[in-house]
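Chemist: How does the following fold in three dimensions:
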Amino acid sequence: MDMIEIDGSQGGGQLLRSALTLSLCTGIGFTIQDIRARRRRPGLMRQHLTAVNAAARVGSACTHGAELGATALRFEPGPVCAGEYQFATGSAGSATLVLQTVLPALWQADAPSRLRLEGGTHNPLAPSADFIADAYLPALAKMGVQASLQLQQHGFHPAGGGVMQVEVAPCAALQPRVFDARGALASMEAKVLMSGLPGDIGLRELQVLAEKLGVDPHPRHVHAVRPALGPGNVALVHVRHAEHVEVFSGHGERGVSAEQVGARLAGQVRQYLQGSGCVGEYLSDQLLLPMALAGAGAFTTRAISAHLASNARLIEKFLPVEFDWQPHDGGWRVTVSR
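Modeler: Next up, the predicted model:
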């Protein structure tokens, strides 16, 4: 079997997850050393191990070193099998990142699949379930992917306990897509999720968002999550343009006021609106892999993040594509070609 060697010290968990996805999609195995070497707690944490085990199940893979704390891993993929799967992180580790690891392989399968994922659904360092459902999957749909997400239970850090149901249909061939113009602003909506915390916190966050962005501050946009498995607070802003949708989130944390949470989130949204790029920072990174699988595509974005650059270099190890980015209208235009 062809094997690729990866230096895990050059990135975090995303580098590992991208390698797993690419291995499943190409049938090429890999070894990775010094996993998350520059992180405060190096090696495989529970959510990373869940992603490894999920990829191994979906792709009938053999693994060596798949255990908590491991800093080296060998992954040898087999055939990808459609079916019904259940994956649980056993903590507040992100269930959405586990989903993104296996989803491309499953849309390449020859039959539909259904997944039940348990863990964190709204984590500070991962895409939220709202982002997946309302930004990521709609972008993939424009490339031909048919997938849907149903959020059954919210899961916040540190309690976890979230549940998502995902269905994905086979996609014979991804269609190249260019995301270069977002079109006219159609609407902007905010909502705040509260779990086990006083509702006035959410009202204060919403008020700041109303003052800075002009969204509707009505209390109906503050949602109490029940059952409350633990404390949690997330403010979300959906920005809908004629041709594109982005979802931004801000997370409450101990020692940070509701006003600060709202102001930080409003700053993210205004930075996006003031730029000319179609795709936001987080979605830009996540579109690289499906575009590479399609063999072509392009998008405009405000900035080239370190995540985007490292992800592009990794993808080029597995697939016969090249990424390029050039300054464009105050931001960047990213293209992929064979």
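Chemist: List the contacts of residue 307.
Modeler: The contact partners of residue 307, taken as CB atoms under 8 Å, 6 or more residues apart in numbering, are 11, 14, 285. Heads up, the C-betas are built off the backbone N, CA and C, glycines and all.
Chemist: residues in contact with the last one?
Modeler: Contact criterion CB under 8 Å, 6+ apart gives 14, 305, 307-308, 311 as the residues in contact with residue 285.
Chemist: can you check the first one too?
Modeler: Contacts were defined as CB under 8 Å, 6+ apart; by that measure residue 11 touches 307, 310, 314.
Chemist: And residue 146, by the same measure?
Modeler: With contacts taken as CB under 8 Å, 6+ apart, residue 146 has the following neighbours: 107, 168-169, 171.
Chemist: Tabulate these (a markdown table), appending distance to residue 45.
Modeler: Formatted as a markdown table, the entries for the contacts of residue 146 read as follows, by distance: CB to CB, whole Å:
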| residue | distance to residue 45 |
| --- | --- |
| 107 | 27 |
| 168 | 26 |
| 169 | 32 |
| 171 | 31 |
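Chemist: okay, residue 42: pLDDT?
Modeler: Residue 42 is assigned a predicted lDDT (pLDDT) of 88.
Chemist: my read: it touches residue 70, true?
Modeler: No. Between residue 42 and residue 70 no contact is recorded; they are 9.7 Å apart, counting by CB atoms under 8 Å.
Chemist: rewinding a little: out of the contacts of residue 11, which comes closest to residue 91?
Modeler: Residue 91 lies nearest to residue 307 out of these, by CB to CB, at 22.8 Å.
Chemist: Could you check which helix or strand contains that closest one?
Modeler: Assignment of secondary structure by DSSP states H and E places residue 307 within helix 306-318.
Chemist: I would like the residues contacting the very next helix or strand once past that helix, please.
Modeler: Following the chain from helix 306-318 toward its C-terminal end, the next helix or strand by DSSP H and E is strand 322-328. Strand 322-328 is contacted by residues 276, 288, 292, 300, 304, 312, 315-316, 332-338 when judged by CB under 8 Å, 6+ apart.
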